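J.: Below is the sequence, then the predicted model.
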Amino acid sequence: MPYVTPEQIQRAKQMDLLTYLQYYEPHELVRFSGNVYTTRSHDSLKISNGKWNWWSRGIGGRSALDYLIKVRGMTLPEAVLQIDGQMTITPPVPSRKHEPVEPKKLLLPEKNENNDRVIAYLTKRGIHSILIDYCLRTGRLYESHPYNNAVFVGFDRTGTPKYATLRGTSNRRYMGEANGSDKHFSFSIPASKQCCRLHLFESAIDLLSYGTLKLLSGRDWQLENCLSLAGIYRPKKNIEESTPPAPLMQYLKDFPYIEDIVLHLDNDIPGRLATKAIQTILPSRYAVYDEPTKRGKDYNDYLRIVLRIEQSWERE
């Protein structure tokens, strides 16, 4: 086994992964978004703020030395020599500070003078008035002007609106997002008290349908956290190379006490594939459960079956 000196080890520890890849393996570095990078070999490995995390394996670190040992499988002497040898050939130029990325500015649609059409639309889909009132009162829902769309708003931890999805309230099928939406902060309803369980849905309406079903069964509909993925999650063909959905990654970062994740994705091929992918790539510290609807394609289908509401609305 090769011998390395304490001085070589110390020098190697000072090299962060981003700098290492920028100068010695630029072909391996891929920009993900803003100041976040990934690698060509492992796109579930993210590098940002001087740290790296390999989501699909649940491991991370700070230095290039950590990366070469934990990801590349090198021994400590091999990794030290890899870094130290590169440094003696091409001393790295101190990395330039990245220009600050201009944060997205959410442009919410103008509010209508009332929410009558939104209330009527959700009521016809079976959503209970208690949930509708809660969403209106907390700013998570309103009716837009002049198109009378339902606007479902997502917030960051400070309570600042960061995301909005729009849903047509007439029989004309319309779905969209407000300009400047950041999908990391999609529509959600937190538990009334700190809770370690998170329920995951494809859409805001499925989330509200699930809450309605709990309320109708006499249970506390705000006992546990609920999050919408703001649409269908599509993993990569090679599931193990997929990155978890952005809203889920952000939620787990913001609420690190989450331990259990319950998946309520659709009963169709994309929904089942998304479920399998999330179960596969989430770190093992999370307990992940699959609980699709008992009947119908999604939770709003099931709610309307339970309430015997005519299936007249367009599919999600």
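T.: That came through, no problem.
J.: After the helix or strand of the chain with the lowest mean pLDDT, which helix or strand is next?
T.: Scoring the helices and strands of the chain by mean pLDDT, DSSP states H and E places helix 76-89 at the bottom, with a mean of 72. Next in sequence after helix 76-89, counting helices and strands by DSSP states H and E, comes helix 116-124.
J.: got the buried residues for that next one?
T.: Going by neighbour count (16 or more other Cβ atoms under 10 Å), the buried part of helix 116-124 is 117-119, 121-122. Bear in mind the C-beta positions are built from the backbone N, C-alpha and C, glycine included.
J.: Show residues contacting it.
T.: With Cβ atoms under 8 Å, 6 or more residues apart in numbering as the test, helix 116-124 has contacts from 129, 132, 136, 141-143, 148, 150, 167, 169, 205, 208, 309, 313.
J.: Looks like Ser181 contacts Pro109 (just checking).
T.: No - in this structure, Ser181 is not within contact of Pro109 by Cβ atoms under 8 Å, at 11.4 Å.
J.: residues shared between the contacts of the two?
T.: Ala164.
J.: Of these two, which one has the most company?
T.: Neighbour tally, Ser181 and Pro109, criterion other Cβ atoms under 10 Å: the higher count belongs to Ser181, 23 against 18.
J.: Tell me which residues touch the more buried one, please.
T.: Taking Cβ under 8 Å, 6+ apart, we find Ser181 in contact with 104, 106, 162-165.
J.: Recalculate using a threshold of 6 Å.
T.: 163-164 (Cβ atoms under 6 Å, 6 or more residues apart in numbering).
J.: ok, so what distance separates it from Ser217?
T.: Noted for Ser181: a distance of 33 Å to Ser217, by Cβ to Cβ, to the nearest Å.
J.: How about Ser188: which residues does it bridge to?
T.: Leu227 (DSSP bridges).
J.: Run a quick neighbour tally on it.
T.: Neighbours of Ser188 using other Cβ under 10 Å come to 23.
J.: Same question for Ile232.
T.: Around Ile232 there are 16 residues (other Cβ under 10 Å).
J.: And Glu7, by the same measure?
T.: Count around Glu7 with other Cβ under 10 Å applied: 9.
J.: Doesn't it lie inside a strand?
T.: No - the assignment for Glu7, made by DSSP: H, G, I helix; E, B strand; the rest coil, is helix rather than a strand.
J.: And it, how far from Gln82?
T.: In terms of Cβ to Cβ, Glu7 sits 16 Å off from Gln82.
J.: and which of the buried residues of helix 116-124 is nearest to Glu259?
T.: Leu122 (31.5 Å; Cβ to Cβ).
J.: Leu229 versus the closest one, what's the distance?
T.: From Leu122 across to Leu229, the span is 19 Å (Cβ to Cβ).
J.: again, but for Tyr142
T.: Separation of Tyr142 from Leu229 (Cβ to Cβ) stands at 21 Å.
J.: Thr212 too?
T.: Counting by Cβ to Cβ - Thr212 and Leu229 are separated by 19 Å.
J.: tell me the contacts of Tyr286?
T.: Applying Cβ under 6 Å, 6+ apart to Tyr286 gives the contacts Ile261.
J.: mind checking pLDDT for it?
T.: On pLDDT, Tyr286 comes in at 94.
J.: ditto for Asp266
T.: In this model, Asp266 is scored at 95, pLDDT.
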